[in-house]
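Visitor: Fold the following, please.
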Amino acid sequence: MIQVQRFNKALKLAVILGDLVILNVLFISFNSIWNELFGERAYSGTLPQILTLFSVCYFACTISGGVILHRRGARADQIVFRALRNVFYFSLLSTSLIVLSELEIYSSRFFIYYFILLFLCITFYRLLFRYGIQLYRSHGGNIRTVLYLGSTENIAELYHEMTSDATTGYRVLGYFDTTPNAKFPASCTYLGKPEQAIDYLTKNKVNQLYCCLPSALSECIVPVINYCENNLIHFYSVPNVRNYLRHRMYFEMIGSVPILSIRKEPLGKIENRLIKRIFDVAFSLLFLCTLFPIIFLIVGVTIKITSPGPIFFRQKRNGLNNKEFWCYKFRSMKVNKESDTLQATLNDPRKTKFGDFMRQTNIDELPQFINVLLGDMSIVGPRPHMLKHTEEYSKIINKYMVRHFIKPGITGWAQVTGFRGETRELEDMEGRVKADIWYMEHWSFLLDLYIMYKTVANVLHKDKQAY
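Guide: Numbering: from 1, shown residues only. Next up is the predicted model:
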């Protein structure tokens with residue numbers, strides 16, 4: 001086990017050092033090419049000053065962000081995302097320090113191109129590194145030997161996960177149980193009863209032991225735990241819940257009691273909610289105090305000229321924890337009695353000509369920044385539905401109400417991935433709900449920024465589902 005830990009530490013160090021080499025070599029090369037092409041300096045100060053600043057900033061961001069290449073089964077998309085996050089935070093930190101120091105940036109384009117190239121190079125390097133690790137493990141290097149105590153359905157699935165891909169570097173020695181399990185994979189050797197486990201551990205090198213025996217056999221389990229603790233063997237308890245929970249679960253502690261939750265909720269952490277709220281308030285205040293008064297004047301006058309009725313349309317919708325709130329929009333339809341029950345359609349006769357334009361460009365949603373400021377909504381989140389739709393869909397779509405665990409948004413993951421507009425079929429709404437739940441489980445500040453970017457891009461490219 002000590003050898004494995006040393007290997008992982010060496011692996012992390014090699015990745016970080018490789019990143020730093022790429023960072024410095026790329027900057028020197030790109031700086032030289034830039035000077036030759038444009039004949040201008042991109043920054044003040046000397047090259048060693050910039051390289052030292054960049055190296056320290058990148059090292060700090062990588063250490064705080066972590067390296068996941070040593071993790072067995074680390075996916076390519078996880079590695080790409082971690083590289084993107086590291087480079088993003090590095091770019092913010094380094095440019096901020098340049099601005100705050102005596103140094104100056106003469107060409108912002110230079111640094112933007114450099115950060116993009118750095119992300120691409122580091123991603124390629126890390127994926128190549130990952131391939132090398134997988135190759136090494138598939139040939140018998142950095143192997144972890146595993147033993148099972150019990151043979152439940154969970155352990156059978158764990159066995160499949162560990163042995164289906166040789167590149168993860170696991171070698172399963174077998175399992176102990178009260179009797180041989182005919183339903184357990186035949187390729188996994190039955191080694192005997194649980195009481196014989198300690199004797200086996202003393203005679204064989206084992207790195208990890210996974211136990212799923214019932215608590216009734218605690219007299220057998222406790223001595224095994226004690227032996228593992230005193231002999232550098234990692235002991236893991238595997239809850240037998242696969243007969244009613246068949247998806248990924250997440251572990252947490254409440255006091256001394258272990259709890260399994262059925263989904264990861266990043267916004268359940270107060271620090272993440274705080275980051276999201278600070279951005280919501282800052283962005284909304286900036287928009288409402290600068291652009292919105294001009295937009296309100298132009299849009300308000302046009303609405304009044306083209307259609308009788310109020311400038312704003314407000315409607316009760318369901319928000320966080322299913323709480324009702326007034327959602328504000330620029331009125332895009334003629335005043336009608338079906339606004340609280342009937343969804344807008346492609347050629348809806350209730351829409352005004354100017355209202356049609358507003359809906360296509362999302363201008364009608366802009367007053368919802370007021371809702372964001374009031375705390376009823378967020379800039380990014382599941383779109384809030386009218387009360388009637390929430391009541392109807394919650395009865396016929398499984399997990400529909402899960403989307404109400406977080407604040408609704410002006411735009412969302414569902415809207416930028418093809419689930420915007422009218423839901424003609426039940427499958428359309430089911431797809432939207434799945435997208436909303438995916439967003440809730442995978443939230444990050446970078447994801448919010450990406451959704452905002454995609455929303456603007458879709459408007460500029462005239463999204464066909466915007467009506």
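Visitor: Going by contacts, tell me the helices and strands next to the helix or strand harbouring C289.
Guide: C289 belongs to helix 270-306 when elements are defined using DSSP states H and E. With contacts taken as 3 or more CB pairs under 8 Å, 6 or more residues apart in numbering; DSSP states H and E, helix 270-306 sits against strand 324-330, helix 353-361, helix 368-374, strand 378-380, helix 445-460. To be clear about C-beta, it is placed using only N, CA and C from the backbone, and glycine gets the same treatment.
Visitor: Of these, which shows the lowest average pLDDT?
Guide: The stretch with the lowest mean pLDDT among these is helix 353-361, at a mean of 86.
Visitor: roughly how far is that one from the heart of the chain?
Guide: Between the centre of helix 353-361 and the centre of its host chain there is 33 Å, according to CA atoms, centre = their mean, to the nearest Å.
Visitor: List the buried residues of that helix.
Guide: Residues of helix 353-361 classed as buried by neighbour count (16 or more other CB atoms under 10 Å): F354, G355, D356, M358, R359, Q360.
Visitor: Now do the helix or strand just after the helix holding C289: everything it contacts.
Guide: Sequence order places strand 312-318 as the next helix or strand after helix 270-306, per DSSP H and E. Surrounding strand 312-318, the residues in contact under the criterion CB atoms under 8 Å, 6 or more residues apart in numbering are 324-333, 339-340, 367, 384-387, 390, 404, 408.
Visitor: Count the residues that sit near the nearest residue to S107 once chain neighbours are set aside.
Guide: The spatially closest residue to S107, leaving aside those adjacent along the chain, is A42, at 4.1 Å (CB to CB, 6 or more residues apart in numbering). Neighbour count of A42, defined by other CB atoms under 10 Å: 19.
Visitor: how about JSON lines for the helices and strands packed on helix 270-306, with distance to G132 added?
Guide: Conversion of those to JSON lines gives the following (distance: least, CB to CB, whole Å):
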{"stretch": "strand 324-330", "distance to G132": "53"}
{"stretch": "helix 353-361", "distance to G132": "49"}
{"stretch": "helix 368-374", "distance to G132": "47"}
{"stretch": "strand 378-380", "distance to G132": "38"}
{"stretch": "helix 445-460", "distance to G132": "28"}
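Visitor: Minimum distance to G141: which of the ones you listed has it?
Guide: Taking CB to CB as the criterion, helix 445-460 is the member of the helices and strands packed on helix 270-306 that comes nearest to G141, at 34.3 Å.
Visitor: got the buried residues for stretch 368-383?
Guide: Burial within stretch 368-383, assessed by neighbour count using 16+ other CB under 10 Å, is assigned to 368-373, 376-383.
Visitor: can you map out the helices along the stretch 1-150 of the chain?
Guide: Listed in chain order, the helices found in the stretch 1-150 of the chain under DSSP state H, counting those that start in this stretch are 2-38, 47-65, 76-100, 108-138.
Visitor: Using a markdown table, please lay out those together with mean neighbour count, distance to L260 and mean pLDDT.
Guide: Rendered in a markdown table, the data for those read as follows (neighbours: other CB atoms under 10 Å; distance: least, CB to CB, whole Å; pLDDT from 0 to 100):
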| stretch | mean neighbour count | distance to L260 | mean pLDDT |
| --- | --- | --- | --- |
| helix 2-38 | 14 | 26 | 83 |
| helix 47-65 | 16 | 27 | 86 |
| helix 76-100 | 17 | 22 | 87 |
| helix 108-138 | 16 | 29 | 88 |
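Visitor: okay, the ones you listed in TSV with distance to P308 next?
Guide: Listed next are the helices of the stretch 1-150 of the chain as TSV, based on distance: least, CB to CB, whole Å:
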stretch	distance to P308
helix 2-38	58
helix 47-65	56
helix 76-100	49
helix 108-138	49
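Visitor: what residues are up against the closest residue to S215 other than its chain neighbours?
Guide: Distances taken as CB to CB, 6+ apart put I221 closest to S215, at 7.9 Å, once the chain neighbours are dropped. Under the criterion of CB under 8 Å, 6+ apart, the contact partners of I221 comprise L149, P194, C211, L213, S215.
Visitor: In ChimeraX, select just the buried ones from those.
Guide: Selection of the buried residues among these in ChimeraX, burial being defined by 16+ other CB under 10 Å:
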select :149,194,211,213
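Visitor: of the helices and strands packed on helix 270-306, which approaches E153 most closely?
Guide: Distances from E153 to each of these were compared by CB to CB, and the smallest falls on helix 445-460, at 33.9 Å.
Visitor: where does I410 land in three-state SS?
Guide: Per DSSP: H, G, I helix; E, B strand; the rest coil, the local secondary structure of I410 is strand.
Visitor: I'd guessed it sits against V380; true?
Guide: Yes. Counting by CB atoms under 8 Å, I410 does reach V380; the two are 7.4 Å apart.
Visitor: Can you add secondary structure, pLDDT and distance to S138 and give the contacts of I221 back as JSON lines?
Guide: Supplementary listing: the contacts of I221 in JSON lines, determined by DSSP: H, G, I helix; E, B strand; the rest coil; pLDDT from 0 to 100; distance: CB to CB, whole Å:
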{"residue": "L149", "secondary structure": "strand", "pLDDT": "94", "distance to S138": "27"}
{"residue": "P194", "secondary structure": "helix", "pLDDT": "93", "distance to S138": "32"}
{"residue": "C211", "secondary structure": "strand", "pLDDT": "94", "distance to S138": "28"}
{"residue": "L213", "secondary structure": "coil", "pLDDT": "90", "distance to S138": "32"}
{"residue": "S215", "secondary structure": "helix", "pLDDT": "83", "distance to S138": "38"}
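Visitor: Filter the contacts of strand 312-318 down to the buried ones, PyMOL style.
Guide: Of the contacts of strand 312-318, the buried ones go into a single PyMOL selection, burial set by 16+ other CB under 10 Å:
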select buried, resi 325+327+328+329+330+331+332+333+367+384+385+386+387+390+404+408
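Visitor: which among the buried residues of stretch 368-383 gets closest to F279?
Guide: With CB to CB as the yardstick, the closest approach to F279 among these comes from I379, at 7.4 Å.
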